[in-house]
Every structure is written in structure tokens, then in C-alpha cells.
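From the sequence below, what's the structure:
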Amino acid sequence: MGTHATTTQPDRIETSMLPIRDEEFGYREARHLLWRAGFGGTDEQIRTLAGWGPKKAVDFILDYDDIPFENDSPTAFDHNIMRSRTREENMALRRAQQAGDENTLSKFREMRQSAQRDDRRQMREIRHWWLTRMIQTPRPLEEKMALFWHGHFATSYRTIEDSYHMYQQNRMLRGLALGNFRDLLLAIIRDPAMLRYLNNNQNRKDAPNENLAREIMELFSLGEGNYSERDIREGARALTGFTYRDDAFFYNDRQHDEGSKRVLGVYGNIDGDGFVNAIIRSPHCAPFICAKLYRFFVREIPTDTKALEGAERTVVRSLSQTMEQARFEIKPVLRKLLLSRHFYDPSVMGNKIKSPVELVVGAVRSLNTPVRNLTTVARAIDTMGQSLFLPPSVKGWDGGRAWINTSTLFTRQNTLVYLLTGELAQNNTRFVDRTPYDPRLLVSCMNDPRIEGDPPDELIANQVMDFVLGRRPYGAADQLLSAAYKVDKPASSSGIRTMLLLTTSMPEYQLC
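This next block holds a predicted model:
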């Protein structure tokens, strides 16, 4: 089925959660699915999914465990850089402190500083590893969900200062990404990075620390106003003794409060698992998580579920019912959403601002550009406001319109120019990466055996707009062809690259 022409938004938004019909699922819908459930797709990939129809396309994306991919290993990075001091080292340090042995104390400080330098270097390597994985994976939803949970359970390396713990958390979030939300919460209260980030390693029965209990309810599971201060205090007591040693969770039973507690209406000698179970029983949990999923995959909505109205309220309620019926399994919720007629409503498609990661990874995956210099690309993503493993706070990134301002828009456009041409203006100098790139393979009519010679110029321009923008802005085809004629004929490599430079500079390219 061909591309739908751009249409005006209807007065009434489609609220039906019934599956979209085969005849309603064409090129534009398949492109929308690939961008929202991954990082975009090439013209060939879009056409393949459009030919499959919605059910097969969604099942293929969701059931990614069936797709072979070399998984990362827990031994891929060094877990000993920020190791704890040995017993002998601790004894030597105490002796030096007592004796005022400044030479020995200085050596311990140098050891610590050296480890910190090595750990920051490894953190950069881990960031590059994840970017590479997002770009290369044949299972894009897996990485998209890992990115979602990274923003949801936001944890910053700046506080942790242990790159391996951040790597462990990333692997955990990926492994449970489409599993059960209860399992995710159980893993989070045992995750060394989160325990350190929210100070639960300092949560003891004689001095409860409320940080983790508060943020789990407010930001991770229920939403503000759906719990009481007493629930926070009692939840903190339930989490006493939940700490870590080296790289693993450790339950310190001597520091756990064994007394009776009341959390969210549940009574008893509740521990961390009981705290999670009480959260899952709350009527606010499923709506909150489904609203977060909706905000990530569909469009911006208020974080307060009580403020939802109209179509968003109807759809989030429907997704919540599915989640509760599925006992908090995530996959059935996403299957319902990605197949729904609401997901493909014209007001939803092409109206979500790409995050910096989505913009860059999506450009490489959909336009088949070289990655060029990964350090340069990673720095550009940082400048755009989305430093992986360094979210601005426990709330994660604001997203939406917060991604766009005059500074970030300039970086966004420059980064696309760099990926397409290898040229980057920086500090009054121009860096050029000469990795070859031929964009002619992107345009299906260039390889159509039914067309003799070069395809019609207008057909080339329209196909470029279809897969790059998902729409055909009025008059844009003439602009593309006029620009292409200035460098070569539109069917040439330089002609198509010129069209790509123009389309990726359009406001519509910032949206997906």
C-alpha cells in the first residue's frame, strides 16, 4: 500500500483500542511503528512491514527473543576498578592514620584517584558500547525499552562513581524490559547502583533512610499524591538492611526492622518484597505505569494520571485494565497499544519530538550513514541534553519540548550534516571524515528493475520525503529537486545526498 498523503488532524481523536485493520496499515503506519517501537527504519524495512500487515509486524517487533543477537557478557567490563579495600589494606590505612604516616596516606589517595580516572574512562567505553548496541541491534524494541526504563529508574553515574554498577543495572533493565513490572521493582530494590544512588545502603533500623521508599512510590510506581507520609516511613522500615557488598545485593538481617508495619493498607512484618507487593496491589500502580508508557511511545501527557481527560484518559484506562489482567506483564500492554487504532491516529503520527538518542541512532539506522567518530557522536548527544548514564535527576529527562531550543537545534542539524557528509565545523576548524557513503541504495525506485534508466525525478523526491519525513510538505518536492540540480542530477549519489541534507534540516525531521 502506498504512502498516505498528509492530512489535517481530525476534530475527534480515535480512542478505539481495537486492532487496526489490515487495509488501514500502509507505508506511513509501518514507518510510524518502526520509529516509535525502535529507532526508525530504511525504506526497504518499512515496505516489508507494510506488506506483512499490522499483526505480523507488531509480533515481529515484540517477540525479539526469537531474533538471534550476540548478548553482552557480565565480564565485558572490569568489575574490580572500584573494588573495596582488602582487610589488609584497611588495617594498613588505620595504622597510617593513627601514626600520622603521610607517605602511606598519600599512596592510598593516589590509588583512589587512579581508580577513579580508570573508572571514568570505562564509563565512556560503556556509553559507547550502548550506543553501538542501539545502532547495530536487530532487536530495536529491546534497546528502546532499556532506554525507557533508564529514564524511568533514573540513576546517575555522577553519584554512583562505579561504572560497573551502572553497566550491571543497564543489563538488568534490558533483561527484564518486557517482562513483569513486579519483577522489575524487586530487582530495583536489590540493584547496587540504585541502592547507592538513593542511599539505601545507609538505611538501618535505628536510623531509617526514606529516599528509596519515597522515590519508588512517587516516581517509579504510584505517582505523587497516591501514598501518605506514613507509607514512606513504613516503606523505609521495610527496606532497612537492603544494601550491597562489592557488586552484589546483600541483605543485612541485623539492620532490618522486624517490627510490624503498615504500608498502603497492608499490615504485618513487611520486608522489601512485601513493600513491592503492597505497591502492586495499589489501584494507582497500573494507571501510573501505563501513563508513563503512553507518554514515551505515543505523545506527551501530564504525569499526574488524575489530570488526564478525553482520549488519553480512555486509552490509559484501557491499558491499565490489560496490565492488571496480565498480572503486570508489560508485553501484553505494548501489544495492545502498538496494534490499536488509536496508536495510528493522524494526531499521534509524526507529532512526537525525537530525543537526542532517537535522533542520532535513528538517523544512522534509517539513512544507513556511517557512524563516523563515535566519540564525536556521543558528545553531540550530550550537547543536545541526553547524556546516557547521567540523567539530570532521579526524575529522569523532561523530554518533549524540553529537547528543543536554539542551541540544541543547531547541534541537531550539525550532527545530521556530519553523519551525511563527514564534515563538522568545530571551534573555527572543519573536521572531515572521509568514510564513503552512497545514499542511492536507500531509495527503492533506484533499484526497481521495472524502471529503465533513471527513475523520474519527482518519484525520487517523493520517496525521499516518504521515508525521511513520513509526509510530503507542500512545495517540498520542488525544493529538493532544485537543490539537487545545483550539484548533479537527482538520481546521482550527490543529488540524493543533497535531498537528504535538505529534508533532515526541516522541522518535520525533528518529529517521529
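
Just say helix, strand or coil for residue 462.
Here residue 462 is recorded as helix under DSSP: H, G, I helix; E, B strand; the rest coil.

heads up, I number from 22, so please use that
With 22 as the first residue, the last one maps to residue 483.

Show residues contacting the helix or strand bottoming out on mean pLDDT in the chain.
One helix or strand of the chain scores below all others by mean pLDDT, DSSP states H and E: strand 450-453, with a mean of 80. Strand 450-453 is contacted from outside by 397, 443-445, using C-beta atoms under 8 Å, 6 or more residues apart in numbering. C-betas here are computed from N, CA, C, even on glycine.

strands paired with that strand, and their directions?
Strand 450-453 sits in its sheet next to strand 444-447 (antiparallel), going by DSSP bridges.

buried residues in the partner strand?
Neighbour counts over strand 444-447 (16 or more other C-beta atoms under 10 Å) mark residue 445 as buried.

before we move on, the earlier item: and which of the contacts of strand 450-453 is nearest to residue 256?
residue 397 (44.3 Å; C-beta to C-beta).

Of all pairs in the contacts of strand 450-453, which one is the farthest apart?
Checking those with C-beta to C-beta, the most distant pair is 397 and 444, at 11.7 Å.

what mean pLDDT does the host helix or strand of residue 189 have?
Take DSSP states H and E as the rule and residue 189 turns out to sit in helix 184-196. What helix 184-196 shows for mean pLDDT is 98.

Send me that helix as PDB with only the CA atoms.
Once non-C-alpha atoms are left out, helix 184-196 reads as follows in PDB (Å, rounded to 0.1, in the frame of the first residue of the first chain):
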ATOM      1  CA  SER A 184      30.900   2.200  36.100                       C
ATOM      2  CA  TYR A 185      30.400  -1.500  36.600                       C
ATOM      3  CA  HIS A 186      27.400  -1.000  38.800                       C
ATOM      4  CA  MET A 187      25.900   1.200  36.000                       C
ATOM      5  CA  TYR A 188      26.600  -1.500  33.500                       C
ATOM      6  CA  GLN A 189      25.000  -4.100  35.700                       C
ATOM      7  CA  GLN A 190      21.900  -2.000  36.100                       C
ATOM      8  CA  ASN A 191      21.700  -1.500  32.300                       C
ATOM      9  CA  ARG A 192      21.900  -5.200  31.700                       C
ATOM     10  CA  MET A 193      19.200  -5.900  34.300                       C
ATOM     11  CA  LEU A 194      16.800  -3.300  32.800                       C
ATOM     12  CA  ARG A 195      17.300  -4.800  29.400                       C
ATOM     13  CA  GLY A 196      16.800  -8.400  30.600                       C
END
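
helices or strands next to that helix in the packing?
helix 123-157, helix 161-173, helix 178-181, helix 213-218 (3 or more C-beta pairs under 8 Å, 6 or more residues apart in numbering; DSSP states H and E).

so of those helices, which one's packed in deepest?
Greatest average neighbour count among the helices and strands packed on helix 184-196 goes to helix 213-218 (a mean of 24), per mean count of other C-beta atoms under 10 Å.

contact partners of that one?
So helix 213-218 is contacted by 174, 176-177, 180-181, 183, 186-187, 189-190, 209-210, 221-222, 233, 263-265, 268-270, 415 (C-beta under 8 Å, 6+ apart).

List buried residues within these.
Of these, these count as buried by 16+ other C-beta under 10 Å: 174, 176-177, 181, 183, 186-187, 189-190, 209-210, 221-222, 233, 263-265, 268, 415.

what about residue 265, is that helix, strand or coil?
strand.

Could you report the pLDDT at the nearest residue to it once chain neighbours are set aside?
Closest residue in space to residue 265, ignoring its immediate chain neighbours: residue 213 at 3.9 Å, by C-beta to C-beta, 6 or more residues apart in numbering. Per-residue pLDDT puts residue 213 at 98.

State the distance from residue 213 to residue 186.
5 Å (C-beta to C-beta, to the nearest Å).

can you list residues touching both of the two?
Contacts common to residue 213 and residue 186, judged by C-beta under 8 Å, 6+ apart, are residue 268.

still on that earlier bit, just so I know, which of the helices and strands packed on helix 184-196 lies nearest residue 511?
Between the helices and strands packed on helix 184-196, helix 123-157 lies closest to residue 511; by C-beta to C-beta that is 28.4 Å.

The nearest residue to residue 75 once chain neighbours are set aside: neighbouring residues, count only.
Excluding its sequence neighbours, the residue lying closest to residue 75 (C-beta to C-beta, 6+ apart) is residue 46, at 4.4 Å. Neighbour count for residue 46, taken as other C-beta atoms under 10 Å: 25.

now do the one 10 residues further on
Residue 56 is flanked by 25 other residues according to other C-beta under 10 Å.

Residue 118 too?
Counted with other C-beta under 10 Å, residues neighbouring residue 118 total 12.

how close does residue 150 sit to residue 352?
Separation of residue 150 from residue 352 (C-beta to C-beta) stands at 26 Å.
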